[in-house]
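1. Sequence and predicted structure below; questions after.
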Amino acid sequence: MPLTRGRRLLLATSCAAAVATVYSAQPVLAEIGDDLGVDEASLGWVVTTAQIGYLSGLALAVPLGDVLDRRRLAVAQLFLAAAGMTVAAVAPALPVLLVGLALSGVFAVVVQVLVAFAADLAGPEERGRTLGVVTAGVIAGILGARVLAGGAAAAWGWRSGYAGLAVLLSALALLVARLLPPDPPRRRVTYRQALGSFGRLRRDPLFRSRGLIAFFAFASFGTLWSGLALPLAADPWRFGPAEIGLFGLAGLAGTLGAARSGRWADSGRANLVTGGALALLAASWACTGWAPVALWPVVIGTVLLDLAVQAVQVSNQALLTAAHPDRTSSAIGGYMIFYSLGSAFGATATTTLYARFGWTGSSLLGTGLALAGLLVWAVTRRLAGDHDTGSSTRPTRSMIST
């Protein structure tokens, strides 16, 4: 049963909906506070709890992909994420809301299970293209969650976004069970062995280098998307949440435009794609740095930034799945821990610097983080030589022992 365009779209949509559960609270925090009687200091736990759940899932739930049938695992995780969203939608108080968000955060890591599943279903000759489509769904979920949650809250209240996600995730679970092909035959391991190989990844030089690149790239990404609202809400623009959310559409355009990077990875140029994308990421800040005085450069910059981050993500994952063909879930899950930590660092650092130095400080931070990722790539680029993807049929050897 081939991995058709429709199945790739189903995988991408499932990833988008799952990751949206982690980010959909950000534009509606004020509404949640007003409805549940929560002060501003306590509202921070709404976002933090989902992130903690997600990180816990990366460490504990993703390795199950190397143990169990991934199609069945993905179905179960999608249903459990939907259950978390249902709890959040009907929560009468903050503690119940946090339980629902923690549950959905843990099982939002179905994204990594599906990414690894897609890489194995695609085969080496089209792995990059498939990862490009699926990863586009991840970035679309991160950016689209802000736009759609804000719009739904304005029309029907903040609970509507969570309710809608619960319905969507349940429907996607049924479609995954019905339409995706079976998990390809592979050597299964015990959960203890999966956790052990998960931990030993840190001794793999390729994994460490790609993880560091992901940390810096997504810290730069977080610097923009967690901080851009600050200059846009200030003089001279004074935009509201709905207007600011529209800038996410520019980011989505960049994400969709980066699908080509997967095809380049399939031709054996994944490592070159990473380096070029990191250079583009640094250059994009020359445009977004104009946010306090001009808008069109910001639109161009957001397109370039999201195109670059998408290309980094696709090329990195293509290299790691080629290097670790029998531990794709563990490799992708461990790699994504760097991604999550980078996003969190960028989000925290940008608001701190903005308070002291304005958007100039945030822009210099974003540029510096992108250049740091480029430096890591330049120093370690030879590590990817033996694992660069393409149509070659030579065997690859997993560097993770069991």
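-> Sure, I can see it.

2. excluding its backbone neighbours, what's nearest residue 186?
-> In space, residue 186 comes closest to residue 326 once its chain neighbours are excluded; the distance is 6.4 Å by Cβ to Cβ, 6 or more residues apart in numbering. For every residue, glycine as well, the C-beta is placed using N, CA and C.

3. does that neighbour sit in a helix, a strand or a coil?
-> Under DSSP: H, G, I helix; E, B strand; the rest coil, residue 326 falls in the coil class.

4. Please report how far it lies from residue 183.
-> Summarising the geometry, the distance separating residue 326 from residue 183, computed by Cβ to Cβ, to the nearest Å, is 13 Å.

5. quick one, which residue of the chain lies the farthest from its center?
-> residue 236 (32.2 Å; Cα atoms, centre = their mean).

6. mind listing what that one touches?
-> Residue 236 makes contacts with residue 292, as judged by Cβ atoms under 8 Å, 6 or more residues apart in numbering.

7. Work out for me the element it sits within.
-> Secondary structure here is read from DSSP states H and E; on that basis residue 236 sits in neither a helix nor a strand.

8. Could you shift the numbering so residue one becomes 338, and keep it that way?
-> In the new count, where the first residue is 338, that last one comes out as residue 573.

9. Distance check, it against residue 632.
-> Here the criterion is Cβ to Cβ. By it, residue 573 lies 10 Å from residue 632.

10. just residue 646 next, same as before
-> 21 Å.

11. More neighbours: which of these two?
-> Counting neighbours by other Cβ atoms under 10 Å for residue 646 and for residue 632 shows that residue 646 has the greater number, 30 against 13.

12. Isn't that one up against residue 553?
-> No. The criterion here is Cβ atoms under 8 Å, and residue 646 misses it with residue 553 at 10.7 Å.

13. helices or strands next to the strand or helix carrying residue 370 in the packing?
-> Using DSSP H and E, residue 370 falls within helix 366-373. With contacts defined as 3 or more Cβ pairs under 8 Å, 6 or more residues apart in numbering; DSSP states H and E, the packing partners of helix 366-373 are helix 377-397, helix 431-444, helix 495-516.

14. winner for burial among the ones you listed?
-> Ranked by average neighbour count under the criterion mean count of other Cβ atoms under 10 Å, the helices and strands packed on helix 366-373 are headed by helix 431-444 at a mean of 22.

15. and that one, average pLDDT?
-> Regarding helix 431-444, the rounded mean pLDDT is 95.

16. returning to that earlier point: figure out which of the helices and strands packed on helix 366-373 is closest to residue 564.
-> Shortest distance between residue 564 and those, using Cβ to Cβ, is found for helix 377-397: 14.7 Å.

17. what's the angle from the closest one to helix 431-444?
-> Orientation of helix 377-397 against helix 431-444 (axes from the mean of the first three to the mean of the last three Cα atoms, to 10 degrees) gives an angle of 30 degrees.

18. Quick check: which helices or strands does helix 377-397 pack against?
-> Applying 3+ Cβ pairs under 8 Å, 6+ apart, one finds that helix 377-397 makes contact with helix 342-360, helix 366-373, helix 431-444, helix 665-717.

19. lowest-confidence stretch among those helices?
-> For the helices and strands packed on helix 377-397, where the average pLDDT is lowest is helix 366-373, sitting at a mean of 85.

20. Excluding its own residues, what touches that helix? List them.
-> Residues from elsewhere that reach helix 366-373 (Cβ under 8 Å, 6+ apart): 362, 375-377, 380, 383-384, 428-431, 434, 490, 494-495.

21. again, but for stretch 637-644
-> Residues lying outside stretch 637-644 but in contact with it, judged by Cβ under 8 Å, 6+ apart, are 476, 480, 557-558, 561, 565, 584, 587-592, 594-595, 614, 617-618, 620-627.

22. Can you go through the residues you listed and name the buried ones?
-> The neighbour-count test (16 or more other Cβ atoms under 10 Å) applied to those identifies 476, 480, 557-558, 561, 565, 584, 587-589, 591-592, 594-595, 614, 617-618, 621-622, 624-627 as buried.

23. Other residues contacting stretch 474-490?
-> Counting contacts by Cβ under 8 Å, 6+ apart, the residues outside stretch 474-490 that touch it are 348-357, 359-365, 368, 448, 452, 495, 497-498, 501, 562, 578-579, 582-583, 585-586, 588-589, 592-593, 643, 646-647, 650.

24. Report the rounded mean pLDDT for that stretch.
-> 82.

25. Dump the helices and strands packed on helix 366-373 into CSV; add distance to residue 416 as well.
-> As requested, the helices and strands packed on helix 366-373 are exported to CSV (distance: least, Cβ to Cβ, whole Å):
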stretch, distance to residue 416
helix 377-397, 15
helix 431-444, 8
helix 495-516, 5
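
26. These: which one's closest to residue 540?
-> Ranking the helices and strands packed on helix 366-373 by distance to residue 540, with Cβ to Cβ as the measure, places helix 377-397 first at 17.0 Å.
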